[in-house]
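# I would like the atomic coordinates for the input below:
(one chain, ligands or ions: 1)
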Amino acid sequence: MAAVRDESDYDSSRPSSLTALGSRRSWISDIGSSSSVSGGGETPCRHNKPHKANHAEWEAIARVRAAAAGGSVGLDHFRLVRRLGSGDLGNVYLCELREPPHRPSSSGRLYYAMKVVDKDALAFRKKLRRAEVEREILRALDHPFLPTLYADFEASHYACLVMEFCPGGDLHVARQRQPGRRFSVASARFYAAETVLALEYLHMMGVVYRDLKPENVLVRADGHIMLSDFDLSLKCDDVVPKLLRQPRGDSDGANPSLTHGHSSSCVPPIQPVLSCLFNGVTRKRQVPMPDAAAVDADADEHSEPEQTSDPAEVVVEPVAARSRSFVGTHEYLAPEVISGQGHGSAVDWWTLGVFMYEMVYGQTPFKGATNEETLANIVSKRPVAFPRVPASASCGEREELLRAQDLMARLLAKCPGKRLGSCTGSGEVKRHAFFRGVNWALVRSVRPPEVPVPAAPVARSKAKTMSRKERREPYKQQHEDHFDYF
Ligand SMILES: Nc1ncnc2c1ncn2[C@@H]1O[C@H](COP(=O)(O)OP(=O)(O)OP(=O)(O)O)[C@@H](O)[C@H]1O
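Numbers count the residues shown, from 1 in each chain. Prediction:
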């Protein structure tokens, strides 16, 4: 699927379109403030990733850093093994440290993925800012379902990002292996739940991801996911959490849409971030079950997803972040991106709907014969349509599928103001009946649907260093289930 890009978000000569009300510096801009690029060595950045602090990969890099002259990790510390893939910005290589680590991982070797970007070439194509934004975002991340940036440094005119290596490929490839080239509803729920948590964290950091698609969802060694590729992401420097208190029982409080689940108008909420306490103002309501075919979330102003009885909820969502850039992948573009009316974090909830649809049905919901037709289908008033539930489905399967359809229809609401997640963020999505039974705090401990088969360890002596020609060769997956590294 070809990505569509417009550089206007990254044009530094233009004043930012993301100035929010009552602006203060966000967490992410504070974290990224030490991002001046130094020539040659490692760029100073915070080496503090509590989620990964005990991982062998992290410890090995820390040891190299401690022993290195000037305390910097550089290209000389790594041996490139193979090219894993390439994208618009650069190549990504499988690599390992030249010095064997003292504590190898359980599979015996410590691998990393190194994204190498040719800064001169990007400057020529006026895409350098995109690479810088991606690096700033990666530096700030510390979440189980997002990449860990172990090191970043420059070598000549190359900028290198050393990240966690995902040996399980991506969900696009994984879907091709499934019966009927589609995931079971249970697997789709697992991947969707992890994606929701990753998006939730990104939004809290003031990042709108904008490029969710199965190709960008990588599978870690343990079978859990990692969202990758942040060069289309929108970083909102002025997003700050704001606490709005909702008096008990006051359903006409500061933001009525918070208590009613959805805003009933198409006007997006104006607060830069909504951080609100639901002080006992909770309602329980069953999700109405659509009878297959079309579910029109835009017309369904009064139906709501199921509410849990959580006494309090903190919501942080960059709802007022606005961009007019035309970025994304055709089949995944949200209507407001195509129409150029300005878009914000709601685009991620739209793409979650497309992503779920593709996982469950093996194709995207608005695909036309041409890109133009696809875009026309997306912006048309016609609501998303679903294949009928097969007559052979059991009662339980039917109910599960209908719940999935209901969630997708709400995420694929064409009007961003009515889209699930567009008002108070991830909480709205997490409370939907499709995710009933998901223990959000423990998702990362759940056994994933598939765990990549570990590659056979290769003796270090047999591991040859790549020649220049080999490094350029496309990466080949040798076997359906595992990577052959050499
Ligand atoms: N951490 C990783 N582990 C394994 N493979 C990876 C990793 N990161 C990237 N890749 C592979 O490298 C490819 C290119 O990476 P990436 O998408 O980040 O580059 P890009 O230049 O930003 O691409 P795009 O054109 O999609 O923006 C991916 O499709 C994926 O196959």
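
# you'd agree L84 is in a strand?
Yes: membership of L84 in a strand is supported by DSSP: H, G, I helix; E, B strand; the rest coil.

# and for the nearest residue to it once chain neighbours are set aside, the neighbour number?
With CB to CB, 6 or more residues apart in numbering as the measure, V92 is the residue that lies nearest to L84, at 4.7 Å, once sequence neighbours are left out. The C-beta positions use only the backbone N, C-alpha and C, and glycine is treated the same way. Counted with other CB atoms under 10 Å, residues neighbouring V92 total 22.

# V92 looks like it's in a strand, true?
Yes: with the criterion set as three-state DSSP, the secondary structure at V92 is a strand.

# next structured bit after the helix or strand R403 falls within?
Assigning secondary structure by DSSP states H and E places R403 in helix 395-411. Under the assignment DSSP H and E, the closest C-terminal helix or strand after helix 395-411 is helix 426-430.

# now for the helix or strand containing V116, which elements pack on it?
In the assignment (DSSP H and E), V116 maps to strand 112-118. When contacts are defined as 3 or more CB pairs under 8 Å, 6 or more residues apart in numbering; DSSP states H and E, strand 112-118 packs onto strand 78-86, strand 90-97, strand 158-164.

# so that strand, near the ligand or not?
Yes: residues of strand 112-118 contacting the ligand under CB under 6 Å from any ligand atom: 113, 115.

# now do the buried residues in the helix or strand following that strand.
Helices and strands here follow DSSP H and E; after strand 112-118, the next one along the chain is helix 119-124. Buried residues in helix 119-124, counting neighbours by 16 or more other CB atoms under 10 Å, are found at 119, 122.

# which strands or helices does helix 119-124 pack on?
Here helix 119-124 touches helix 128-140, going by 3+ CB pairs under 8 Å, 6+ apart.

# could I get the buried residue list for the helix or strand just after the helix it packs on?
If you walk from helix 128-140 toward the C-terminus, the next helix or strand you reach (DSSP H and E) is strand 149-155. Under the neighbour-count criterion of 16+ other CB under 10 Å, strand 149-155 has 149-154 buried.

# and if you look at stretch 125-143?
The neighbour-count criterion (16+ other CB under 10 Å) identifies 127-143 as the buried residues of stretch 125-143.

# also stretch 84-91?
Buried residues in stretch 84-91, counting neighbours by 16+ other CB under 10 Å, are found at 84-85, 89-91.

# pLDDT of that stretch, averaged?
Per-residue confidence for stretch 84-91 averages out to 90 on the pLDDT scale.

# how many residues are close by V379?
When neighbours are counted by other CB under 10 Å, V379 registers 16.

# lowest-confidence helix or strand of this protein?
Considering only helices and strands, the least confidently modelled element of the chain by mean pLDDT, DSSP states H and E is strand 275-278, at a mean of 27.

# quick check, pLDDT for the residue nearest to N371 when sequence neighbours are not counted.
Computed as CB to CB, 6+ apart, the closest residue to N371 that is not its neighbour in sequence is H330, at 4.9 Å. The predicted structure scores H330 at 88 on the pLDDT scale.

# and for H330, the neighbour number?
Residues near H330, counting by other CB under 10 Å: 21.

# do you know how far it is from the ligand?
Between H330 and the ligand the distance is 14 Å, computed by CB to the nearest ligand atom, to the nearest Å.

# ok, now E372?
22 Å.

# list the buried ones in the lengthiest helix in the chain?
For the chain, the helix reaching the highest residue count under DSSP state H is reported as helix 185-204. For helix 185-204, burial by neighbour count (16+ other CB under 10 Å) applies to 185, 187-204.

# CA-only coordinates of it, as CSV, when you get a sec.
Backbone C-alpha positions of helix 185-204 (Å, rounded to 0.1, in the frame of the first residue of the first chain) are rendered in CSV as follows:
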residue,chain,number,x,y,z
VAL,A,185,-11.8,-12.5,16.1
ALA,A,186,-9.9,-13.5,19.2
SER,A,187,-6.5,-12.7,17.6
ALA,A,188,-7.8,-9.5,16.1
ARG,A,189,-9.0,-8.5,19.6
PHE,A,190,-5.5,-9.2,21.0
TYR,A,191,-3.7,-7.1,18.4
ALA,A,192,-6.3,-4.4,18.6
ALA,A,193,-6.1,-4.2,22.4
GLU,A,194,-2.3,-3.8,22.3
THR,A,195,-2.6,-1.2,19.5
VAL,A,196,-5.1,0.8,21.6
LEU,A,197,-2.7,0.9,24.5
ALA,A,198,0.1,2.0,22.2
LEU,A,199,-2.1,4.8,20.7
GLU,A,200,-3.2,5.8,24.2
TYR,A,201,0.3,6.3,25.3
LEU,A,202,1.3,8.2,22.1
HIS,A,203,-1.6,10.5,22.5
MET,A,204,-0.7,11.1,26.1
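
# and the next element down the chain from it?
From helix 185-204 onward toward the C-terminus, using DSSP H and E, the following helix or strand is strand 207-208.

# quick one: mean pLDDT over that next one.
Strand 207-208 shows an average pLDDT of 94 in the prediction.

# can you offset everything so residue one is 11?
Shifting the count to begin at 11 puts that one at strand 217-218.

# anything in the helix or strand following that strand near the ligand?
Secondary structure here is assigned by DSSP H and E; on that basis, the next helix or strand after strand 217-218 toward the C-terminus is strand 227-229. Yes: Strand 227-229 comes into contact with the ligand (CB under 6 Å from any ligand atom), by way of L228.

# mind giving me the domain split of the chain?
61-177+464-483, 179-254+324-463 (the TED database).

# most tightly packed of these?
Burial of the domains of the chain is given as mean neighbour count (mean count of other CB atoms under 10 Å); domain 179-254+324-463 ranks first at a mean of 20.

# ends of that domain, what's the gap?
With CA to CA, to the nearest Å applied, domain 179-254+324-463 spans 11 Å between its terminal residues.
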